[in-house]
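Asks: Here is my input, please return the structure:
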Amino acid sequence: MTPMISAATGLCAALVLASTASAGAGSPPNILFIVYDDVGLDQMAIPPFGWAPNGPAAAQMPVLQEIAAKGISFTNFWSMPECSPSRAAFFTGRWPHRTGVVTAIIDPMLPACQLNPVEFTIPQMLAGADYTTAMIGKYHMAGGTSPGGAAAPVTFGKLDWYDGNLELPPSIDATVGAQLPSTMGAPCGAPTTEMRGAVCFPDGTCLEGLSPFEGLAAGGIPLLVVAPDGSYTLAATCADASCAAVSFANDNAYYAWQRTIVDGAGNAVQIEPYRQYMTIDITDRTVEWVAEQKGPWACIVTYTASHTPIQTPPPALLPNGSDIDWDCSEGEGLRQTFKLMTEAMDREQGRLLVELGLGSWTPEGDFVLTDPALTNTLIVVIGDNGSYGPTVRPPFNPAQAKGTVFQTGVLVPLVVAGPMQVDPGRTVDAMVNIVDLFGLFADVAGVDLDAVVPPARPIDSQPMLPYITSASAPEVREWDFAIYGPGIAVPGSFLPCLLPGNVCDDQTFPDQSFCEANDGIWYGGQGSSCCDLIEAGLIPASSSLPPELQYAVREGRYKLLVLTYESCAPTSCEMQFHLLPEPQPPLISGVEECSTRLCIGTLDPQQQRIFERMRQRMIDVIQSQPTCLGDGNKDLKIDGADLAGVLAYWNAGPSFYDFNYDGQTDEKDLAIVLNAWTPDCSDRLPTLPSCLLDPPLGNIPGQSCMPCGT
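Replies: Okay, the predicted model is just below:
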């Protein structure tokens, strides 16, 4: 389908290109940083990634493929296992356990697991090089419980502009604007039919001849004819039913959501529900913002696709231009819809680059990337973590995907194209971590991190610019690291949800709708924890429990994992040691990571030395960040600044100074500060998982070499 280029689009592209050129020769490059959501390497059927034989079942991404063909692809790039830790990692250049953002943040998680405003971030770093910075799209480094009940996270004061959705997309409106009971509703938010009919709009108008998702994309809601038994059909004409029965108050996943706009002073405007397909809106808002810039700019474009809820995209973004007539909510229909969401995002990514003057469409509708040397713009594209389990493509392992530190959870695409690149079209197999992007942006902007980063904020970023400027650069990173931990909320905020694969999770789900939006069965009214359910016989004793805390360290082909579990699990702490296969990265990461597990008790002498070194490496990196209860401003001191922080939020609800995590900042937190008062708490080290300690290695529970699933 050939893209339609309007006069307005061409004018916008010209304005943006003029803005890009206005910086003048020799200016530092603009930075366009594009983030995909929940699109792991298992989804990549395009060169040079194409690890799995997915064929036509995998998403077709010609725009990303073109960027890779004219840029540099990193085949051994690790993110963190979830959205929020990955974002905080690239935003600060620091491991998640330093910032406290170790889990995917959802309401009602407390500020303790959100990004603290004292962190030194990309906008601050680039401000010293006269860049203007924006984030358009998903933020997700804070949650609904902002300190003191603020309308927007306080961290926004460091961005010059933010426009998008703060957290996850809302749940699908199965009632289709309150026309249906939720128990018998439309699981995709509109009828999944290629029929055309009537659509109601907020201004009271009704239009005919629109397909359901075409109507949603236009800001309306399909009009339904509902029978007494709850069955329904699409109204063929506006006279077949009444728009008075339609409510426009409900959110509906990607089509109706809360848009938040925050300026550099932290002033927030919220619009809900905002009726614009989220992926399209992110592209539109990015183009608008860039067109206004006069000097060097950096824009972080965080597409929400293809995160749950999985929902049919607008027909205009689909290859055949029509609605999909399958159920998007389960099984192969869910995977096919996820594929289409990803393809729609790739198409919008192409429109973004064209309207920014960084590419063009051929008459046949193919995308062509403009030579980055001519646009003076660094383009970076990443996936934020592995794919969500039910969307994982075989033969990758859905049980070791998003939310885990296994390869399918952290191995994601990274493509870079920029004016400084040498020998485009090549791949880099060296280990690179998501924290390294912080240093990359500093290097291309000419910022000396040693001169600008506060001493109390150690940076974990390693150089990656040499890989771009030289085709023969030696490997920089000697080891890689990933972590995932539990969220922090007032006790009782999260309740059990039984997920596909008989996995019980009581660390993530605050309510039934969120559980069911992730294909789970809600047990919130029958027990407060998964252990309660197992002990009461309400769910099978064989139900698996996801690890509460996970660590992974990698050196070359060797990978060490430490996983800790709830009290009722067969083992509380498990250590796994793997020899990953060649070539790197593994072709079939999930399956290979099971089959190449080594037996720690019977390692050969060389493997034993490597294991001991990696075990010590993991201990060192965990303990490199002290645990200073009472240090709310993260300066490794517990002093008057922390006392002032408690007083600033006194009885104002949760804050970064709510040290006992009860949702209030009060006399209990004040007592913690006074009792822990010290000019230096750097010697207060975190407790290590029991299986990382040093008893005889052959006798530690959970250290067997049994392959996964046996």
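
Asks: got the buried residues for stretch 234-249?
Replies: Of all the residues in stretch 234-249, those buried under the rule 16 or more other Cβ atoms under 10 Å are 234, 235, 236, 238, 241, 243, 246, 248. Bear in mind the C-beta positions are built from the backbone N, C-alpha and C, glycine included.

Asks: Of those, which pair is most distant in space?
Replies: Of all pairs drawn from the buried residues of stretch 234-249, the greatest distance, 21.6 Å, lies between 236 and 248 (Cβ to Cβ).

Asks: Using PDB, write out every CA atom in the host helix or strand of residue 550.
Replies: For residue 550, the host element (DSSP states H and E) is strand 549-555. Provided in PDB are the C-alpha atoms of strand 549-555 (Å, rounded to 0.1, in the frame of the first residue of the first chain):
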ATOM      1  CA  LEU A 549      14.500 -11.400  42.800                       C
ATOM      2  CA  GLN A 550      16.700 -12.300  39.900                       C
ATOM      3  CA  TYR A 551      20.300 -11.600  38.900                       C
ATOM      4  CA  ALA A 552      22.300 -12.500  35.900                       C
ATOM      5  CA  VAL A 553      26.000 -12.000  35.000                       C
ATOM      6  CA  ARG A 554      27.500 -12.900  31.700                       C
ATOM      7  CA  GLU A 555      31.100 -13.300  30.600                       C
END
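
Asks: what residues does that strand touch?
Replies: 78, 81, 404-406, 410, 431, 478-486, 559-564, 580, 610, 613-614, 617-618, 621-622, 689 (Cβ atoms under 8 Å, 6 or more residues apart in numbering).

Asks: which among those end up buried?
Replies: Applying 16+ other Cβ under 10 Å to the contacts of strand 549-555 flags 78, 81, 404-406, 410, 431, 479-486, 559-564, 580, 610, 614, 617-618, 621-622, 689 as buried.

Asks: What about those residues, which are in strands?
Replies: 78, 480, 481, 482, 483, 484, 559, 560, 561, 562, 563, 564 (DSSP state E).

Asks: could those be laid out in a markdown table, adding distance to residue 202 and pLDDT?
Replies: Below are these laid out as a markdown table (distance: Cβ to Cβ, whole Å; pLDDT from 0 to 100):
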| residue | distance to residue 202 | pLDDT |
| --- | --- | --- |
| 78 | 44 | 97 |
| 480 | 49 | 98 |
| 481 | 49 | 98 |
| 482 | 45 | 98 |
| 483 | 45 | 98 |
| 484 | 41 | 97 |
| 559 | 52 | 95 |
| 560 | 55 | 95 |
| 561 | 51 | 95 |
| 562 | 52 | 95 |
| 563 | 49 | 94 |
| 564 | 49 | 94 |
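
Asks: for those, which one is nearest residue 349?
Replies: Of all these, residue 349 sits closest to residue 78, with 22.4 Å by Cβ to Cβ.

Asks: any idea how far that closest one lies from residue 408?
Replies: Separation of residue 78 from residue 408 (Cβ to Cβ, to the nearest Å): 12 Å.

Asks: Residue 83 now?
Replies: Taking Cβ to Cβ, one finds residue 83 at 16 Å from residue 408.

Asks: Verify the stated contact: residue 625 with residue 95.
Replies: Yes: under the criterion of Cβ atoms under 8 Å, residue 625 makes contact with residue 95 at 7.3 Å.

Asks: show me what contacts residue 210?
Replies: So residue 210 contacts 196, 197, 198, 199, 218, 220, 222 (Cβ under 8 Å, 6+ apart).

Asks: tally of neighbours for residue 612?
Replies: A count of nearby residues for residue 612, using other Cβ atoms under 10 Å, gives 13.

Asks: For it, give me phi and psi.
Replies: When read as degrees, to the nearest 10, the backbone of residue 612 gives phi -60, psi -40.

Asks: ok, now residue 360?
Replies: phi -150, psi 160.

Asks: One more: residue 670?
Replies: With angles defined as degrees, to the nearest 10, residue 670 sits at phi -60, psi -40.

Asks: surely it meets residue 646?
Replies: Yes: between residue 670 and residue 646 there is a contact under Cβ under 8 Å: 5.1 Å.

Asks: For the residue positioned nearest the centre of the chain, list the residues it contacts.
Replies: Centroid-nearest residue in the chain: residue 83, 2.6 Å away (criterion: Cα atoms, centre = their mean). For residue 83, the contact set (Cβ under 8 Å, 6+ apart) comprises 37, 38, 104, 138, 140, 307, 384, 385.

Asks: and if you look at residue 530?
Replies: Residues counted as contacts of residue 530 (Cβ under 8 Å, 6+ apart) are 496, 504, 505, 506, 539, 543, 545, 566, 568.

Asks: Not counting its neighbours along the chain, what's nearest it?
Replies: residue 504 (3.8 Å; Cβ to Cβ, 6 or more residues apart in numbering).

Asks: what's the helix or strand that contains that neighbour packed up against?
Replies: Residue 504 is located in strand 503-505, with elements delineated by DSSP H and E. If you count contacts as 3 or more Cβ pairs under 8 Å, 6 or more residues apart in numbering; DSSP states H and E, strand 503-505 packs onto strand 497-499, helix 530-535.

Asks: switch to 7 Å and redo it
Replies: Counting contacts by 3 or more Cβ pairs under 7 Å, 6 or more residues apart in numbering; DSSP states H and E, strand 503-505 is packed against strand 497-499.

Asks: chain center to the strand it packs on: distance?
Replies: 21 Å (Cα atoms, centre = their mean, to the nearest Å).

Asks: Let me see the mean pLDDT of that strand.
Replies: The average pLDDT for strand 497-499 rounds to 91.

Asks: now do stretch 339-354
Replies: For stretch 339-354, the mean per-residue pLDDT is 97.

Asks: Just the C-alpha atoms of that stretch, please, in PDB.
Replies: What follows is stretch 339-354 as a C-alpha-only set of coordinates in PDB (Å, rounded to 0.1, in the frame of the first residue of the first chain):
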ATOM      1  CA  LYS A 339       2.300  -9.100  15.000                       C
ATOM      2  CA  LEU A 340       0.000  -6.600  13.400                       C
ATOM      3  CA  MET A 341       0.500  -4.100  16.200                       C
ATOM      4  CA  THR A 342       4.300  -4.400  15.700                       C
ATOM      5  CA  GLU A 343       4.000  -4.000  11.900                       C
ATOM      6  CA  ALA A 344       1.800  -0.900  12.400                       C
ATOM      7  CA  MET A 345       4.400   0.600  14.700                       C
ATOM      8  CA  ASP A 346       7.100  -0.100  12.100                       C
ATOM      9  CA  ARG A 347       5.000   1.700   9.600                       C
ATOM     10  CA  GLU A 348       4.500   4.700  11.900                       C
ATOM     11  CA  GLN A 349       8.200   4.700  12.500                       C
ATOM     12  CA  GLY A 350       8.600   5.100   8.800                       C
ATOM     13  CA  ARG A 351       6.200   8.000   8.700                       C
ATOM     14  CA  LEU A 352       8.100   9.500  11.600                       C
ATOM     15  CA  LEU A 353      11.400   9.400   9.800                       C
ATOM     16  CA  VAL A 354       9.900  10.700   6.600                       C
END
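
Asks: Give me the contacts around it.
Replies: 13, 34, 36, 39, 43, 58-64, 279-280, 283, 286-287, 301, 303, 305-306, 310, 313, 317-318, 324, 359-361, 367, 369 (Cβ atoms under 7 Å, 6 or more residues apart in numbering).

Asks: Could you list which of those belong to strands?
Replies: Per DSSP E, those map to strands at 34, 36, 301, 359, 360, 361, 367, 369.
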